[in-house]
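Visitor: Take this sequence and fold it.
(2 chains)
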Amino acid sequence: DTGVSQDPRHKITKRGQNVTFRCDPISEHNRLYWYRQTLGQGPEFLTYFQNEAQLEKSRLLSDRFSAERPKGSFSTLEIQHTEQGDSAMYLCASSFGGRTLMGDTQYFGPGTRLTVL
Amino acid sequence: SQKIEQNSEALNIQEGKTATLTCNYTNYSPAYLQWYRQDPGRGPVFLLLIRENEKEKRKERLKVTFDTTLKQSLFHITASQPADSATYLCALFGSARQLTFGSGTQLTVLP
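Guide: Numbers count the residues shown, from 1 in each chain, chains lettered A, B, ... in the order given. Sure, this is the predicted structure:
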């Protein structure tokens, strides 16, 4: 399968614990995005990488959230001191683009469902 | 504030009919608009993109219109099939340089 993959698919944790999710984008894609989706809502943008550089961060992304893409390939999203409000589906997407974001078609992974007890 | 609204949370139609889904937006000047399909427990799947200078786009049984004066996009599925049942999301790309999604419309095509 050459699509976007995410690991784990499900994560249950206790409040206060740290969690880390991994995203492997489509291999030739230079852009990678993280979104959060709660039930009945559309995905909310969290952050965006072009190669290894983190170029955009949403105001939604509190200091407890950090994302990396060290070699411009896979990415990790870490949430420290998780809270119950962090429970959501975390989606990763990738795309291939040039200098601008115009016409950027994003390919989504299956998501990681986080439940914070 | 910027807002994206998709019509009614759920839409039920009979197989063979045309489904029409609406996406309205306020306080945006989107450069383009996309439609995605999402099945339960899965990530969204890209369907169509339409740019601000395009009025209509077609792909097989799908048609999207984009009216920047009305600030509205319509998404049509003709000859609908039960397999078309899913949640459909519209997403705008504007000055914030990021995709902003609506909350989606859940479509059920009844056999």
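Visitor: Around the closest residue to residue B:2 other than its chain neighbours, how many other residues sit close by?
Guide: Closest residue in space to residue B:2, ignoring its immediate chain neighbours: residue B:27 at 4.5 Å, by C-beta to C-beta, 6 or more residues apart in numbering or on different chains. For glycine as for every other residue, the C-beta is placed from the backbone atoms N, C-alpha and C. Neighbours of residue B:27 under the rule other C-beta atoms under 10 Å in any protein chain shown: 10.
Visitor: How about the contacts made by residue A:58?
Guide: Residues in contact with residue A:58 (C-beta atoms under 8 Å, 6 or more residues apart in numbering or on different chains) are A:44-47, B:98.
Visitor: before we move on, back to that, next up, phi/psi of the residue nearest to residue B:2, please.
Guide: When read as degrees, to the nearest 10, the backbone of residue B:27 gives phi 60, psi 30.
Visitor: Show the model's pLDDT score for it.
Guide: pLDDT, the model's per-residue confidence, is 82 for residue B:27.
Visitor: quick one: it and residue B:92, what's the gap?
Guide: Going from residue B:27 to residue B:92 by C-beta to C-beta, to the nearest Å gives 11 Å.
Visitor: Ok, residue B:69 next?
Guide: Between residue B:69 and residue B:92 the distance is 16 Å, computed by C-beta to C-beta.
Visitor: from the middle of its chain, how far away would the host helix or strand of residue A:33 be?
Guide: For residue A:33, the host element (DSSP states H and E) is strand A:31-37. Relative to the centre of its chain, strand A:31-37 is centred 4 Å away, using C-alpha atoms, centre = their mean, to the nearest Å.
Visitor: I'd like to know which elements it is packed against.
Guide: If you count contacts as 3 or more C-beta pairs under 8 Å, 6 or more residues apart in numbering or on different chains; DSSP states H and E, strand A:31-37 packs onto strand A:44-50, strand A:75-79, strand A:88-95.
Visitor: number of nearby residues for residue 110?
Guide: No chain in the question, so chain A it is. Using other C-beta under 10 Å, residue A:110 has 17 other residues around it.
Visitor: The intended chain is chain B.
Guide: 11.
Visitor: for residue A:48, same thing?
Guide: Burial of residue A:48 is recorded as 26 neighbouring residues (other C-beta under 10 Å).
Visitor: Hmm, it is touching residue A:55, no?
Guide: Yes. Using C-beta atoms under 8 Å, residue A:48 makes contact with residue A:55 at a distance of 5.6 Å.
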